[in-house]
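Peer 1: structure here, sequence nowhere to be found:
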């Protein structure tokens, strides 16, 4: 999508510097747009580990380019094997990371060492293009929902939680893809951006990317989403997801469940946008079977932002002696989900419809 | 309640300094316990205006003592009238403020000027004692709910939102009164303290006062409350309220409605603690008839806390170009409220039961 009028992807090859990889350092957003140049495997491993890049699809694409950067120096079996190991250890719980590395490994292992550099860049580019195509399809499918709302009223108000935007993917995003498509099609769309405590991805990332692309939006406290639904100011909720079970339970950033409840209580459609790779066909009951990551309590007890003097500062907001807890995700039962927006189309959050639409995968 | 073992009220007369008024500067909590001495009308007016004292009952008590401080210098009609005017202008929307000033005015106006100083201190003390008695009654009535839960399991987990604690009143608090009583009675009570964005009264005030009294608690993001209910880790929700309608709709800090929804979805009892003075007998439909205060968006776009160097600092957490919205309260419909904890007893959130229990007021 665009940053101040210029189209970007979240990762790309710099052709003038044969061939480094460029990313946006997302740890510096929204306060600085730092287009970092990565030239080595170690630099890419650090970028993934330190979350300069984040978001499952983007992590996968970054890992793929990490392999390419390694092959640029040395196409040997030893170098390939080391690259795969180093990258796999950066964020071991990310499914897309391992998926991308497996794909790069099988593609390259069968080639002669001197062929691997070019093939690695080519395969990484394919992974990126496929991600963009999947997200664009999600965007087109979700656009239909927004167009339907736009028939009845001039402005369509959409609420989202966390960041499932273009910077979490290679381009378009998942939850935000339909919104960008609607905006680009001239629909008057306005987004309620929940700040998404404790990591504030809404306030710092979603607000930033919507603003830079020129999409109308308003940042609100997570507490306020229900109030706006009660007062008819939300036409549609669209969120992303980290994992969907085969019966349609949705695991997403902590707090999503509360918005699904208030959407149901106020007859607001609650949609979840996802690539089918997010569906975990091995489990049904999300509440029972999805382990919830407990993250550092400092995410709750502190807040980072820009101080008056322009520096980035962290302040503590909880008494030093008070303990905190920080479950990072919650599970929204399928009964609260109006439907899923996938690259193959819209679909009820039920096992029969999911297994029919994805009969080749389920 | 206690601060590190010593019992306090949130406002008291200093007998060694005949008679100044002492308060805890709540703008400095939780980072410093500054027991400010107020000796003049103007100092008290400033303390109310600048929110060194906050919480409806405490504001009323503070205003009463503001009149006493004025009478200490000059008991004339002119001085009394000026004191009432100055104090009424400090926070004009606070119902308790005007109620307390009216009561002080009628009590003093009929007395000779030289009698007014002593009478003012006496009446202010009565207002404080009455508040303490009402809150203690709320505490005793709510204690029964916790005792009931404690029969079935060792530890009782209670979730609360915002600050309805002793520092918002003269003592005990409303929502926290039953919790303090349970703790003092030796029940193993643990409180989930929601941080309560955007003003963070949970993280900064509720966590502080529970910690200082020795009550077990854990601070969580507002987003996490539903998750803990889904996993059986909340036995009871108790919140305060700013206004209850005659049919039992509850206006409270933004985000309360979301917790009422998740309490219902998980069969967790959702109780609201209040003095009957909080009931607005003139309205029924809270959603339609309670105007919701829109507060400064800087409360959403910034966060204040303690910086690494110990100073209190404010950081911006939303991109400069992103707008924000900040509704301060929401309305929880009576259908989601298990019951009300009042000074006269427990009561369903319905018009028939409310008007029966308070037949003299309704």
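Peer 2: Arrived safely, thanks for sending. Computed from a prediction, not measured in an experiment: that's the story for all the values here.

Peer 1: can you list the domain ranges for chain A.
Peer 2: A:2-130, A:138-357 (automatic domain parsing).

Peer 1: chain B: which of those domains is closest?
Peer 2: For chain B, the closest of these is domain A:138-357, at 2.7 Å, according to CB to the nearest CB. C-beta coordinates here come from the backbone N, C-alpha and C atoms, glycine included.

Peer 1: what's the span of the closest one from first residue to last?
Peer 2: Start-to-end span of domain A:138-357 (CA to CA, to the nearest Å) is 14 Å.

Peer 1: so how far is that domain from its chain's centroid?
Peer 2: 10 Å (CA atoms, centre = their mean, to the nearest Å).

Peer 1: pLDDT on that domain, on average?
Peer 2: Averaged across domain A:138-357, the pLDDT comes to 97.

Peer 1: now do the phi/psi pair for the nearest residue to residue A:35 once chain neighbours are set aside.
Peer 2: Of all residues not flanking residue A:35 in the chain, residue A:22 sits nearest, at 5.5 Å (CB to CB, 6 or more residues apart in numbering or on different chains). Main-chain torsions, residue A:22, degrees, to the nearest 10: phi -110, psi 140.

Peer 1: what pairs with residue A:22 across the strands?
Peer 2: residue A:12, residue A:37 (DSSP bridges).

Peer 1: next one: it from residue A:44, what distance?
Peer 2: 11 Å (CB to CB, to the nearest Å).

Peer 1: neighbour count winner among those two?
Peer 2: More neighbours surround residue A:44 than the other of residue A:22 and residue A:44, with 29 against 17 (other CB atoms under 10 Å in any protein chain shown).

Peer 1: and the more buried one, what does it touch?
Peer 2: A:21, A:38, A:62-63, A:65-66, A:69, A:87 (CB atoms under 8 Å, 6 or more residues apart in numbering or on different chains).

Peer 1: give me that answer again for 6 Å
Peer 2: Residues in contact with residue A:44, defined by CB atoms under 6 Å, 6 or more residues apart in numbering or on different chains, are A:38, A:66, A:69.

Peer 1: most neighbours, which of the residues you listed?
Peer 2: Using other CB under 10 Å as the neighbour criterion, residue A:66 leads these with 32 neighbours.

Peer 1: from the contact counts, what lies against the strand or helix carrying that one?
Peer 2: Per DSSP states H and E: residue A:66 is located in helix A:56-73. In terms of contacts (3 or more CB pairs under 6 Å, 6 or more residues apart in numbering or on different chains; DSSP states H and E), helix A:56-73 is packed against helix A:41-49, helix A:77-88, helix A:95-109, helix A:113-152.

Peer 1: buried residues in it?
Peer 2: A:56-72 (16 or more other CB atoms under 10 Å in any protein chain shown).

Peer 1: tell me the pLDDT at the residue nearest to residue A:35?
Peer 2: Looking at residue A:22, its pLDDT stands at 98.

Peer 1: quick one on the thing from earlier: return the member of the helices and strands packed on helix A:56-73 having the minimum mean pLDDT.
Peer 2: helix A:95-109 (a mean of 94).

Peer 1: what's the offset of it from the middle of its chain?
Peer 2: Distance, centroid of helix A:95-109 to centroid of chain: 20 Å (CA atoms, centre = their mean).

Peer 1: quick one: that helix to helix A:113-152, angle?
Peer 2: Angle of helix A:95-109 versus helix A:113-152, following axes from the mean of the first three to the mean of the last three CA atoms, to 10 degrees, is 140 degrees.

Peer 1: need the contact partners of helix A:95-109.
Peer 2: The contact list for helix A:95-109 (CB under 6 Å, 6+ apart) reads A:56-57, A:59-60, A:63-64, A:67, A:80, A:84, A:87-88, A:91, A:116, A:120, A:123, A:127.

Peer 1: what sits against residue A:217?
Peer 2: A:191, A:193, A:210.

Peer 1: can you check residue A:357 too?
Peer 2: Going by CB under 6 Å, 6+ apart, residue A:357 touches A:344, A:347.

Peer 1: how about residue A:47?
Peer 2: A:38, A:53.

Peer 1: ok, and what's touching the strand or helix carrying residue A:237?
Peer 2: Assessed by DSSP H and E, residue A:237 sits inside strand A:236-239. Residues from elsewhere that reach strand A:236-239, judged by CB under 6 Å, 6+ apart: A:158-161, A:175, A:252, A:256, A:259, A:263, A:269-273.

Peer 1: sitting in helices, which of those residues do you find?
Peer 2: A:256, A:259, A:263 (DSSP state H).

Peer 1: can you give the contact residues for stretch A:333-346?
Peer 2: Against stretch A:333-346 from outside (CB under 6 Å, 6+ apart): A:134, A:137-138, A:141-142, A:247-250, A:260, A:264, A:269-273, A:275-276, A:347-349, A:357.

Peer 1: if we can go back for a sec, can you narrow the contacts of residue A:217 to ones near chain B?
Peer 2: Contacts with chain B within those, as defined by CB under 6 Å from any CB of the partner chain: none are present.

Peer 1: JSON lines for those, including secondary structure, distance to residue A:229 and neighbour count?
Peer 2: Shown next, in JSON lines, are these (DSSP: H, G, I helix; E, B strand; the rest coil; distance: CB to CB, whole Å; neighbours: other CB atoms under 10 Å in any protein chain shown):
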{"residue": "A:191", "secondary structure": "strand", "distance to residue A:229": "14", "neighbour count": "24"}
{"residue": "A:193", "secondary structure": "strand", "distance to residue A:229": "15", "neighbour count": "31"}
{"residue": "A:210", "secondary structure": "helix", "distance to residue A:229": "20", "neighbour count": "28"}
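
Peer 1: contacts only, for residue A:49.
Peer 2: Going by CB under 6 Å, 6+ apart, the list of residues near residue A:49 reads residue A:90.

Peer 1: one more pass at 10 Å, please.
Peer 2: A:86-87, A:89-91 (CB atoms under 10 Å, 6 or more residues apart in numbering or on different chains).

Peer 1: please pick the buried ones from the residues you listed.
Peer 2: Listed as buried from the contacts of residue A:49 are A:86-87, A:90-91; burial here means 16+ other CB under 10 Å.

Peer 1: what touches both of residue A:22 and residue A:44?
Peer 2: A:11, A:38, A:65.

Peer 1: please look at the second one and residue A:24 and confirm they touch.
Peer 2: No: when contacts are counted by CB atoms under 10 Å, residue A:38 is not listed as touching residue A:24 (11.6 Å).

Peer 1: overlap of the contact sets of those two?
Peer 2: A:11, A:52-53.

Peer 1: go through stretch A:326-346 and flag the buried ones.
Peer 2: For stretch A:326-346, the neighbour count (16+ other CB under 10 Å) marks A:326-334, A:336-343, A:346 as buried.

Peer 1: now, which of these lie within strands?
Peer 2: A:329-332, A:339-342, A:346 (DSSP state E).

Peer 1: between these, which sits nearest residue A:229?
Peer 2: The shortest approach to residue A:229 among those belongs to residue A:332, at 15.1 Å (CB to CB).

Peer 1: tally of neighbours for residue A:218?
Peer 2: Residues near residue A:218, counting by other CB under 10 Å: 21.

Peer 1: quick one: it is in a strand?
Peer 2: Yes: assessed with DSSP: H, G, I helix; E, B strand; the rest coil, residue A:218 lies in a strand.

Peer 1: go ahead and confirm it touches residue A:195.
Peer 2: No: in this structure, residue A:218 is not within contact of residue A:195 by CB under 10 Å, at 11.1 Å.
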